[in-house]
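J.: Give me coordinates for this.
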Amino acid sequence: MAGEPKNAHTASLQFRQALQSRDMVFYTAPPGVSRTFFYVYVSAGVQLLFCEEEDAPVVLAPQGQRMAIAGGLLAIGIGIASVMFIYPWR
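T.: Next comes the predicted model:
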């Protein structure tokens, strides 16, 4: 195919040239991400502190309803992932 490197040496040279000419942009997380994760961990810790363990029996929904909910959540997740993959955010 046209445009493909012939060997590893040529590929590394092309990669180095692309880096030097700043044709490539590497992803960097936004500055507030670490703060967000900190608050997520703090909220999870607080939830564990106030969690009460009870001996009450766990009542589950019927299997058909559980499967429908799981399928719906899976479909929503795949839909969101597809939109994020297809739509160029930059």
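J.: what about residue 28, which SS state?
T.: coil (DSSP: H, G, I helix; E, B strand; the rest coil).
J.: Now the phi/psi pair for it, please.
T.: phi -130, psi 140 (degrees, to the nearest 10).
J.: One more: residue 32?
T.: Dihedral pair for residue 32: phi -90, psi 0, per degrees, to the nearest 10.
J.: Can you pull out the low-pLDDT segments for this protein?
T.: For the chain, the stretches with pLDDT under 70 are 1-6, 23-24, 53-54, 56, 89-90.
J.: need the helices for it, in chain order.
T.: Applying DSSP state H to the chain gives helices spanning 8-20, 33-49, 63-86.
J.: which one of the ones you listed lies closest to residue 55?
T.: Closest of those to residue 55 is helix 33-49, at 18.8 Å (criterion: C-beta to C-beta). Heads up, the C-betas are built off the backbone N, CA and C, glycines and all.
J.: ok now the closest one, how far from the chain's centre?
T.: Between the centre of helix 33-49 and the centre of its host chain there is 18 Å, according to C-alpha atoms, centre = their mean, to the nearest Å.
J.: Counting by contacts, list what it packs against.
T.: Helices and strands touching helix 33-49, by 3 or more C-beta pairs under 8 Å, 6 or more residues apart in numbering; DSSP states H and E: there are none.
J.: What's the separation between residue 73 and residue 80?
T.: As judged by C-beta to C-beta, to the nearest Å, residue 73 and residue 80 stand 11 Å apart.
J.: cool, residue 22 as well?
T.: The gap separating residue 22 from residue 80 is 32 Å, by C-beta to C-beta.
J.: any idea how far residue 68 is from the residue nearest the centre of the chain?
T.: By C-alpha atoms, centre = their mean, the chain has its centre lying nearest to residue 81, at 8.7 Å. Note on residue 81: its distance to residue 68, by C-beta to C-beta, is 20 Å.
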